[in-house]
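Trainee: next come a sequence and a model predicted from it.
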Amino acid sequence: MSILAIVLFIFLIWLDFALGKRTHQRTTIKKSFPQRQSDCELFNTGERLFSALFNDIKEASHHIHILFYIVREDDISKRLFHLLKEKANQGVTVRLLVDRIGSMNISKATRKDLKDHGIHFSFAKTPTFPYFLYKLNRRNHRKICVIDGKIGFLGGFNVGNEYLGLDPKLGHWRDFHLKITGEGVCDLQQQFLEDWHDATKVKVNAPSYYPKLVSGKIPIKLQPTDGAHVEEIFLELFDKAKYSITIGTPYFIPGKRVQQALISKAKEGVKVTLLLPQKSDHLFVKQAAMPYIKGLLHAGCSIYQFTEGFYHAKVVIIDDELCDIGTANFDRRSFYLNQEMNCFIYDKVFVGKVQQAFSNDIQLSAKVTMETVNNRSLKERIEEKFGTLFARFL
(Lines give C-alpha, C1' and ligand atoms only; values in the text may rest on other atoms or scores of the structure.)
Protein backbone atom coordinates (compact mmCIF):
# COMPACT_ATOMS: atom_id res chain seq x y z
CA MET A 1 0.00 0.00 0.00
CA SER A 2 2.84 2.38 0.85
CA ILE A 3 4.55 1.68 -2.51
CA LEU A 4 1.27 2.40 -4.31
CA ALA A 5 0.94 5.68 -2.41
CA ILE A 6 4.48 6.70 -3.40
CA VAL A 7 3.81 5.85 -7.05
CA LEU A 8 0.56 7.82 -6.95
CA PHE A 9 2.34 10.78 -5.34
CA ILE A 10 5.06 10.80 -8.03
CA PHE A 11 2.39 10.53 -10.75
CA LEU A 12 0.48 13.49 -9.34
CA ILE A 13 3.67 15.59 -9.27
CA TRP A 14 4.43 14.61 -12.87
CA LEU A 15 0.86 15.39 -13.91
CA ASP A 16 1.00 18.81 -12.24
CA PHE A 17 4.19 19.69 -14.13
CA ALA A 18 3.04 18.19 -17.45
CA LEU A 19 -0.35 19.91 -17.51
CA GLY A 20 1.07 23.16 -16.14
CA LYS A 21 3.77 23.22 -18.80
CA ARG A 22 1.30 22.46 -21.59
CA THR A 23 -1.06 25.22 -20.46
CA HIS A 24 1.81 27.68 -20.12
CA GLN A 25 3.21 26.92 -23.58
CA ARG A 26 -0.23 27.22 -25.15
CA THR A 27 -0.92 30.64 -23.67
CA THR A 28 2.53 32.29 -23.95
CA ILE A 29 2.83 34.81 -26.75
CA LYS A 30 6.17 36.10 -28.05
CA LYS A 31 6.46 39.79 -27.31
CA SER A 32 8.98 42.31 -28.54
CA PHE A 33 9.49 46.04 -28.17
CA PRO A 34 10.71 48.14 -31.11
CA GLN A 35 14.26 49.44 -31.44
CA ARG A 36 14.69 52.68 -29.50
CA GLN A 37 17.30 55.43 -29.31
CA SER A 38 18.64 55.57 -25.76
CA ASP A 39 21.72 56.23 -23.68
CA CYS A 40 23.27 53.52 -21.52
CA GLU A 41 25.72 53.30 -18.65
CA LEU A 42 27.33 50.02 -17.57
CA PHE A 43 27.80 49.01 -13.92
CA ASN A 44 29.79 45.95 -12.89
CA THR A 45 30.05 46.42 -9.11
CA GLY A 46 27.32 46.66 -6.52
CA GLU A 47 28.91 49.72 -4.92
CA ARG A 48 28.65 51.79 -8.11
CA LEU A 49 25.20 50.50 -9.02
CA PHE A 50 23.54 51.11 -5.65
CA SER A 51 25.18 54.53 -5.37
CA ALA A 52 23.71 55.56 -8.73
CA LEU A 53 20.31 53.94 -8.09
CA PHE A 54 19.92 55.46 -4.63
CA ASN A 55 20.96 58.90 -5.87
CA ASP A 56 18.35 58.77 -8.64
CA ILE A 57 15.69 57.57 -6.17
CA LYS A 58 16.52 60.54 -3.92
CA GLU A 59 15.85 62.89 -6.86
CA ALA A 60 12.49 61.28 -7.79
CA SER A 61 9.55 63.70 -7.88
CA HIS A 62 6.62 61.70 -9.28
CA HIS A 63 7.03 57.92 -8.97
CA ILE A 64 9.43 55.08 -8.24
CA HIS A 65 8.78 51.61 -9.65
CA ILE A 66 11.04 48.79 -8.45
CA LEU A 67 10.98 45.10 -9.35
CA PHE A 68 13.60 42.63 -8.12
CA TYR A 69 13.73 38.85 -7.94
CA ILE A 70 15.54 38.97 -4.59
CA VAL A 71 15.34 41.63 -1.89
CA ARG A 72 16.79 40.65 1.48
CA GLU A 73 16.28 42.14 4.95
CA ASP A 74 19.93 43.03 5.44
CA ASP A 75 21.83 46.33 5.58
CA ILE A 76 21.61 47.33 1.91
CA SER A 77 17.95 46.24 1.73
CA LYS A 78 17.10 48.31 4.81
CA ARG A 79 18.80 51.32 3.24
CA LEU A 80 16.54 50.86 0.21
CA PHE A 81 13.43 50.49 2.39
CA HIS A 82 14.35 53.61 4.36
CA LEU A 83 14.86 55.62 1.20
CA LEU A 84 11.56 54.45 -0.32
CA LYS A 85 9.69 55.35 2.88
CA GLU A 86 11.24 58.82 2.83
CA LYS A 87 10.13 59.36 -0.76
CA ALA A 88 6.62 58.04 -0.06
CA ASN A 89 6.37 60.46 2.88
CA GLN A 90 7.26 63.25 0.44
CA GLY A 91 4.28 62.33 -1.75
CA VAL A 92 6.13 60.33 -4.39
CA THR A 93 4.22 57.24 -5.55
CA VAL A 94 6.27 54.15 -4.74
CA ARG A 95 5.54 50.65 -6.05
CA LEU A 96 7.72 47.76 -4.89
CA LEU A 97 7.25 44.39 -6.59
CA VAL A 98 9.33 41.35 -5.58
CA ASP A 99 9.20 37.69 -6.49
CA ARG A 100 7.23 35.57 -4.02
CA ILE A 101 9.90 32.87 -3.72
CA GLY A 102 13.07 34.88 -4.32
CA SER A 103 12.05 37.45 -1.67
CA MET A 104 10.13 35.13 0.63
CA ASN A 105 12.19 36.20 3.65
CA ILE A 106 10.76 39.72 3.72
CA SER A 107 8.83 39.55 6.98
CA LYS A 108 5.20 40.47 7.57
CA ALA A 109 6.35 43.22 9.91
CA THR A 110 8.52 44.77 7.19
CA ARG A 111 5.74 44.54 4.61
CA LYS A 112 3.31 46.18 7.03
CA ASP A 113 5.82 48.93 7.81
CA LEU A 114 6.30 49.66 4.10
CA LYS A 115 2.55 49.81 3.52
CA ASP A 116 2.01 51.98 6.60
CA HIS A 117 4.36 54.51 5.02
CA GLY A 118 2.25 54.57 1.86
CA ILE A 119 4.35 52.22 -0.27
CA HIS A 120 2.40 49.98 -2.67
CA PHE A 121 3.93 46.54 -2.06
CA SER A 122 3.17 43.25 -3.78
CA PHE A 123 4.65 39.83 -4.36
CA ALA A 124 4.95 38.63 -7.96
CA LYS A 125 4.11 35.10 -9.15
CA THR A 126 2.45 33.79 -5.99
CA PRO A 127 1.76 30.10 -6.77
CA THR A 128 -1.91 29.18 -7.10
CA PHE A 129 -3.97 26.15 -8.05
CA PRO A 130 -4.24 24.48 -10.49
CA TYR A 131 -0.67 23.38 -11.30
CA PHE A 132 0.66 24.66 -7.99
CA LEU A 133 4.02 22.86 -8.20
CA TYR A 134 4.63 24.01 -11.76
CA LYS A 135 3.79 27.60 -10.85
CA LEU A 136 6.06 27.32 -7.81
CA ASN A 137 8.93 26.92 -10.27
CA ARG A 138 7.83 29.79 -12.56
CA ARG A 139 9.47 32.90 -11.15
CA ASN A 140 9.61 36.59 -12.08
CA HIS A 141 13.36 36.88 -12.51
CA ARG A 142 13.32 40.43 -13.92
CA LYS A 143 15.14 43.33 -12.25
CA ILE A 144 13.56 46.57 -13.42
CA CYS A 145 13.65 50.03 -11.84
CA VAL A 146 11.91 53.07 -13.35
CA ILE A 147 12.16 56.54 -11.83
CA ASP A 148 9.77 59.29 -12.96
CA GLY A 149 9.36 57.47 -16.29
CA LYS A 150 12.70 58.97 -17.39
CA ILE A 151 15.39 56.76 -15.85
CA GLY A 152 15.54 52.96 -15.98
CA PHE A 153 17.78 50.24 -14.57
CA LEU A 154 18.05 46.64 -15.78
CA GLY A 155 20.53 43.83 -15.24
CA GLY A 156 21.74 41.01 -13.03
CA PHE A 157 22.02 42.61 -9.57
CA ASN A 158 19.43 41.96 -6.87
CA VAL A 159 19.31 43.70 -3.48
CA GLY A 160 21.34 42.04 -0.75
CA ASN A 161 24.69 42.32 1.02
CA GLU A 162 26.19 39.56 -1.15
CA TYR A 163 25.82 41.83 -4.18
CA LEU A 164 28.26 44.19 -2.46
CA GLY A 165 30.76 41.36 -2.05
CA LEU A 166 29.97 40.89 1.64
CA ASP A 167 29.28 37.14 1.56
CA PRO A 168 32.49 35.55 2.91
CA LYS A 169 31.85 32.34 0.97
CA LEU A 170 31.33 33.99 -2.45
CA GLY A 171 33.53 37.05 -2.03
CA HIS A 172 33.64 39.82 -4.63
CA TRP A 173 30.46 39.87 -6.73
CA ARG A 174 30.79 40.53 -10.47
CA ASP A 175 27.64 41.43 -12.37
CA PHE A 176 26.50 43.61 -15.28
CA HIS A 177 23.71 46.16 -14.91
CA LEU A 178 22.52 49.02 -17.13
CA LYS A 179 21.24 52.50 -16.46
CA ILE A 180 19.04 53.50 -19.39
CA THR A 181 17.75 56.94 -20.32
CA GLY A 182 15.95 58.05 -23.46
CA GLU A 183 13.26 56.28 -25.45
CA GLY A 184 13.84 52.77 -24.04
CA VAL A 185 12.61 53.73 -20.57
CA CYS A 186 9.00 53.62 -21.77
CA ASP A 187 9.38 49.90 -22.52
CA LEU A 188 10.79 49.18 -19.07
CA GLN A 189 7.84 51.13 -17.67
CA GLN A 190 5.32 49.18 -19.72
CA GLN A 191 6.78 45.85 -18.64
CA PHE A 192 6.83 46.84 -14.97
CA LEU A 193 3.19 47.98 -15.08
CA GLU A 194 2.15 44.75 -16.86
CA ASP A 195 3.87 42.73 -14.14
CA TRP A 196 2.24 44.94 -11.51
CA HIS A 197 -1.17 44.28 -13.04
CA ASP A 198 -0.46 40.54 -13.20
CA ALA A 199 0.40 40.54 -9.47
CA THR A 200 -2.22 42.95 -8.10
CA LYS A 201 -4.97 43.03 -10.79
CA VAL A 202 -4.67 46.83 -10.59
CA LYS A 203 -4.26 48.50 -13.97
CA VAL A 204 -2.05 51.61 -14.02
CA ASN A 205 -1.86 53.48 -17.31
CA ALA A 206 -2.02 57.21 -16.56
CA PRO A 207 -0.22 59.38 -19.15
CA SER A 208 1.92 60.86 -16.36
CA TYR A 209 3.81 57.55 -16.20
CA TYR A 210 4.90 58.01 -19.80
CA PRO A 211 6.52 61.47 -20.07
CA LYS A 212 8.00 62.68 -23.33
CA LEU A 213 11.49 61.21 -23.72
CA VAL A 214 14.49 62.59 -25.57
CA SER A 215 16.15 60.31 -28.13
CA GLY A 216 19.54 58.96 -27.11
CA LYS A 217 22.54 58.08 -29.25
CA ILE A 218 22.51 54.30 -28.78
CA PRO A 219 20.08 51.95 -30.58
CA ILE A 220 18.68 49.38 -28.15
CA LYS A 221 15.89 46.83 -28.13
CA LEU A 222 14.32 45.52 -24.93
CA GLN A 223 13.14 41.92 -25.04
CA PRO A 224 10.81 40.50 -22.37
CA THR A 225 10.25 36.75 -22.25
CA ASP A 226 7.83 34.62 -20.24
CA GLY A 227 9.33 31.16 -19.89
CA ALA A 228 9.63 30.74 -23.65
CA HIS A 229 11.59 32.02 -26.67
CA VAL A 230 14.87 32.73 -24.82
CA GLU A 231 16.56 29.72 -26.41
CA GLU A 232 15.24 30.75 -29.82
CA ILE A 233 16.51 34.32 -29.36
CA PHE A 234 20.01 33.14 -28.41
CA LEU A 235 20.12 30.75 -31.38
CA GLU A 236 19.21 33.63 -33.70
CA LEU A 237 22.05 35.69 -32.22
CA PHE A 238 24.57 32.89 -32.71
CA ASP A 239 23.45 32.42 -36.30
CA LYS A 240 24.44 36.04 -37.07
CA ALA A 241 28.00 35.60 -35.78
CA LYS A 242 30.78 35.74 -38.37
CA TYR A 243 33.86 36.13 -36.17
CA SER A 244 33.17 35.74 -32.47
CA ILE A 245 30.61 34.72 -29.85
CA THR A 246 31.37 35.79 -26.29
CA ILE A 247 29.19 34.59 -23.40
CA GLY A 248 29.27 35.35 -19.70
CA THR A 249 26.80 33.53 -17.46
CA PRO A 250 26.67 32.21 -13.88
CA TYR A 251 24.75 29.08 -14.87
CA PHE A 252 25.43 27.09 -18.04
CA ILE A 253 22.92 24.29 -18.58
CA PRO A 254 21.85 25.26 -22.12
CA GLY A 255 20.53 22.01 -23.55
CA LYS A 256 21.64 20.22 -26.70
CA ARG A 257 20.36 22.76 -29.25
CA VAL A 258 22.37 25.66 -27.88
CA GLN A 259 25.42 23.48 -27.27
CA GLN A 260 25.30 22.15 -30.83
CA ALA A 261 24.85 25.65 -32.27
CA LEU A 262 28.00 26.83 -30.47
CA ILE A 263 29.93 23.73 -31.57
CA SER A 264 28.85 24.26 -35.19
CA LYS A 265 29.96 27.90 -35.08
CA ALA A 266 33.32 26.91 -33.58
CA LYS A 267 33.84 24.41 -36.40
CA GLU A 268 33.09 27.19 -38.90
CA GLY A 269 35.98 29.17 -37.46
CA VAL A 270 33.99 31.48 -35.17
CA LYS A 271 35.83 32.16 -31.91
CA VAL A 272 33.60 31.02 -29.04
CA THR A 273 34.51 32.22 -25.55
CA LEU A 274 32.62 31.32 -22.39
CA LEU A 275 33.14 32.82 -18.91
CA LEU A 276 31.64 31.05 -15.88
CA PRO A 277 32.12 31.31 -12.11
CA GLN A 278 34.58 29.00 -10.42
CA LYS A 279 32.49 29.13 -7.24
CA SER A 280 28.88 27.98 -7.09
CA ASP A 281 25.96 29.51 -5.20
CA HIS A 282 23.51 26.66 -5.92
CA LEU A 283 23.76 22.91 -5.36
CA PHE A 284 24.79 20.84 -8.46
CA VAL A 285 24.59 23.79 -10.91
CA LYS A 286 28.32 23.75 -11.61
CA GLN A 287 28.32 19.97 -11.97
CA ALA A 288 25.32 19.99 -14.34
CA ALA A 289 27.29 22.27 -16.70
CA MET A 290 30.14 19.80 -17.13
CA PRO A 291 28.67 17.62 -19.96
CA TYR A 292 28.14 20.78 -22.03
CA ILE A 293 31.59 22.14 -21.20
CA LYS A 294 33.27 18.94 -22.35
CA GLY A 295 31.55 19.08 -25.73
CA LEU A 296 32.55 22.72 -26.26
CA LEU A 297 36.17 22.05 -25.29
CA HIS A 298 36.37 19.22 -27.82
CA ALA A 299 35.16 21.68 -30.49
CA GLY A 300 37.90 24.18 -29.65
CA CYS A 301 35.89 26.71 -27.62
CA SER A 302 37.71 28.75 -24.96
CA ILE A 303 36.22 28.40 -21.47
CA TYR A 304 37.26 30.30 -18.36
CA GLN A 305 36.24 30.28 -14.70
CA PHE A 306 36.24 33.57 -12.77
CA THR A 307 38.44 33.15 -9.69
CA GLU A 308 38.17 36.55 -7.96
CA GLY A 309 34.79 36.02 -6.30
CA PHE A 310 31.47 35.06 -7.87
CA TYR A 311 30.57 35.76 -11.51
CA HIS A 312 26.86 36.53 -12.01
CA ALA A 313 26.84 38.66 -15.19
CA LYS A 314 24.54 37.69 -18.07
CA VAL A 315 26.13 38.97 -21.27
CA VAL A 316 26.43 37.95 -24.91
CA ILE A 317 28.64 39.77 -27.43
CA ILE A 318 28.44 39.04 -31.15
CA ASP A 319 31.28 40.15 -33.49
CA ASP A 320 32.00 43.23 -31.38
CA GLU A 321 28.91 44.77 -33.02
CA LEU A 322 26.01 43.93 -30.70
CA CYS A 323 25.67 42.80 -27.12
CA ASP A 324 22.93 41.52 -24.85
CA ILE A 325 22.80 42.39 -21.15
CA GLY A 326 19.85 41.40 -19.00
CA THR A 327 18.45 38.88 -16.56
CA ALA A 328 18.34 35.60 -18.53
CA ASN A 329 20.84 32.85 -17.76
CA PHE A 330 21.90 29.99 -20.02
CA ASP A 331 19.83 27.44 -18.14
CA ARG A 332 16.53 25.61 -18.35
CA ARG A 333 14.81 27.96 -15.91
CA SER A 334 15.45 31.06 -18.02
CA PHE A 335 14.66 29.17 -21.22
CA TYR A 336 11.42 27.51 -20.16
CA LEU A 337 10.15 28.83 -16.81
CA ASN A 338 11.14 32.30 -15.68
CA GLN A 339 10.00 35.74 -16.73
CA GLU A 340 13.08 37.60 -17.98
CA MET A 341 14.07 40.91 -19.55
CA ASN A 342 17.07 41.46 -21.82
CA CYS A 343 18.50 44.50 -23.60
CA PHE A 344 20.14 44.23 -27.02
CA ILE A 345 22.54 47.07 -27.78
CA TYR A 346 23.60 47.91 -31.35
CA ASP A 347 26.43 50.40 -30.86
CA LYS A 348 30.08 49.51 -31.51
CA VAL A 349 31.45 52.04 -29.04
CA PHE A 350 29.29 50.80 -26.16
CA VAL A 351 29.83 47.16 -27.16
CA GLY A 352 33.56 47.91 -27.03
CA LYS A 353 33.19 49.06 -23.42
CA VAL A 354 31.35 45.84 -22.55
CA GLN A 355 34.01 43.78 -24.34
CA GLN A 356 36.74 45.55 -22.38
CA ALA A 357 34.97 44.86 -19.08
CA PHE A 358 34.62 41.22 -20.13
CA SER A 359 38.30 41.01 -21.14
CA ASN A 360 39.30 42.43 -17.76
CA ASP A 361 37.37 39.63 -16.09
CA ILE A 362 39.10 37.05 -18.29
CA GLN A 363 42.36 38.29 -16.76
CA LEU A 364 40.91 37.36 -13.36
CA SER A 365 39.98 33.86 -14.50
CA ALA A 366 41.50 30.41 -14.97
CA LYS A 367 41.28 28.62 -18.30
CA VAL A 368 39.44 25.30 -18.31
CA THR A 369 41.22 22.52 -20.22
CA MET A 370 40.43 18.89 -20.98
CA GLU A 371 43.23 18.00 -18.56
CA THR A 372 41.49 19.76 -15.66
CA VAL A 373 38.18 18.15 -16.65
CA ASN A 374 39.68 14.67 -16.86
CA ASN A 375 41.49 15.06 -13.54
CA ARG A 376 38.33 15.67 -11.53
CA SER A 377 37.83 13.59 -8.39
CA LEU A 378 35.41 10.69 -8.08
CA LYS A 379 33.22 12.88 -5.84
CA GLU A 380 33.00 15.53 -8.56
CA ARG A 381 32.11 12.92 -11.19
CA ILE A 382 29.33 11.52 -9.00
CA GLU A 383 28.02 15.05 -8.41
CA GLU A 384 28.00 15.57 -12.18
CA LYS A 385 25.65 12.58 -12.53
CA PHE A 386 23.28 14.06 -9.95
CA GLY A 387 23.51 17.48 -11.58
CA THR A 388 22.66 15.99 -14.97
CA LEU A 389 19.71 14.12 -13.46
CA PHE A 390 18.18 17.30 -12.03
CA ALA A 391 19.35 19.71 -14.74
CA ARG A 392 15.87 20.71 -15.84
CA PHE A 393 15.12 22.05 -12.36
CA LEU A 394 18.40 23.94 -11.87
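Mentor: Happy to help now that I have it.
Trainee: helices of the stretch 51-200 of the chain, start to end?
Mentor: All helices of the stretch 51-200 of the chain, identified by DSSP state H, counting those that start in this stretch, fall at 75-89, 108-116, 132-137, 185-200.
Trainee: which of the ones you listed has the lowest mean pLDDT?
Mentor: Ranked by mean pLDDT, these end with helix 132-137 in last place, scoring a mean of 94.
Trainee: which residues touch stretch 264-277?
Mentor: 238, 241-250, 252, 262, 286, 289, 293, 296, 299-306, 310-312, 358, 361-362, 365 (C-beta atoms under 8 Å, 6 or more residues apart in numbering). Where C-beta positions appear, they are placed from N, C-alpha and C, glycine not excepted.
Trainee: I'd assumed Thr388 was in a helix, is it?
Mentor: Yes. With DSSP: H, G, I helix; E, B strand; the rest coil as the criterion, Thr388 is assigned to a helix.
Trainee: who's in contact with it?
Mentor: So Thr388 contacts Gln287, Ala288, Pro291 (C-beta under 8 Å, 6+ apart).
Trainee: switch the cut-off to 10 Å
Mentor: Residues near Thr388 by C-beta atoms under 10 Å, 6 or more residues apart in numbering: Ile253, Phe284, Gln287, Ala288, Ala289, Met290, Pro291, Tyr292, Leu394.
Trainee: run a quick neighbour tally on the first one.
Mentor: Which is Ile253. Using other C-beta atoms under 10 Å, the number of residues around Ile253 comes to 30.
Trainee: now do the one 3 residues further on
Mentor: The criterion is other C-beta under 10 Å. On that basis, Lys256 has 11 neighbouring residues.
Trainee: ok, now which ones touch it?
Mentor: When contacts are counted by C-beta under 10 Å, 6+ apart, Lys256 touches Ile263, Pro291, Tyr292, Gly295.
Trainee: turn those into CSV, including neighbour count.
Mentor: Listed next are the contacts of Lys256 as CSV, based on neighbours: other C-beta atoms under 10 Å:
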residue, neighbour count
Ile263, 19
Pro291, 16
Tyr292, 23
Gly295, 15
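Trainee: now for these, which pair is the farthest apart?
Mentor: The largest separation in those, counting by C-beta to C-beta, is between Ile263 and Pro291 at 12.7 Å.
Trainee: nearest residue to Arg174 other than its sequence neighbours?
Mentor: The shortest distance from Arg174 to any non-neighbouring residue, by C-beta to C-beta, 6 or more residues apart in numbering, is to Tyr311 (5.0 Å).
Trainee: touching, the one you found and Ile247? I think so.
Mentor: No. Counting by C-beta atoms under 10 Å, Tyr311 stays clear of Ile247, with 11.6 Å between them.
Trainee: still on that earlier bit, the helices of the stretch 51-200 of the chain: which one's closest to Arg333?
Mentor: Taking the helices of the stretch 51-200 of the chain one by one with C-beta to C-beta, helix 132-137 is closest: 7.5 Å.
Trainee: state the distance from Lys267 to Lys240.
Mentor: 17 Å (C-beta to C-beta, to the nearest Å).
Trainee: now do Tyr209
Mentor: In terms of C-beta to C-beta, Tyr209 sits 35 Å off from Lys240.
Trainee: please apply the same query to Arg48.
Mentor: Here Arg48 is placed at a distance of 31 Å from Lys240 (C-beta to C-beta).
Trainee: which of those two has more neighbours?
Mentor: When Arg48 and Lys240 are compared for neighbours, Arg48 comes out ahead with 14 against 11, by other C-beta under 10 Å.
Trainee: just checking, the more buried one is part of a helix?
Mentor: Yes. Counting by three-state DSSP, Arg48 is located in a helix.
Trainee: can you verify my assumption that it contacts Glu41?
Mentor: Yes. At 9.5 Å, Arg48 counts as touching Glu41 under the criterion of C-beta under 10 Å.
Trainee: where does the stretch 1-150 of the chain have low pLDDT?
Mentor: The model of the stretch 1-150 of the chain has pLDDT under 70 over residues 1.
Trainee: list the beta-bridge partners for the closest residue to Ser302 other than its chain neighbours.
Mentor: Using C-beta to C-beta, 6+ apart and skipping the chain neighbours, the partner closest in space to Ser302 is Thr273 (4.7 Å). Beta-bridge pairing for Thr273 (DSSP bridges): Thr246, Ser302.
Trainee: run a quick neighbour tally on Thr273.
Mentor: By the criterion of other C-beta under 10 Å, Thr273 has 17 neighbours.
Trainee: show me which residues of stretch 340-359 are buried.
Mentor: 340-345, 347, 350-351, 354-355, 357-358 (16 or more other C-beta atoms under 10 Å).
Trainee: follow-up on the earlier one: need the overlap of contacts for Arg48 and Glu41.
Mentor: His177, Lys179.
Trainee: please state the offset of stretch 5-16 from the chain centre?
Mentor: Put simply, stretch 5-16 sits 31 Å off its chain's centre (C-alpha atoms, centre = their mean, to the nearest Å).
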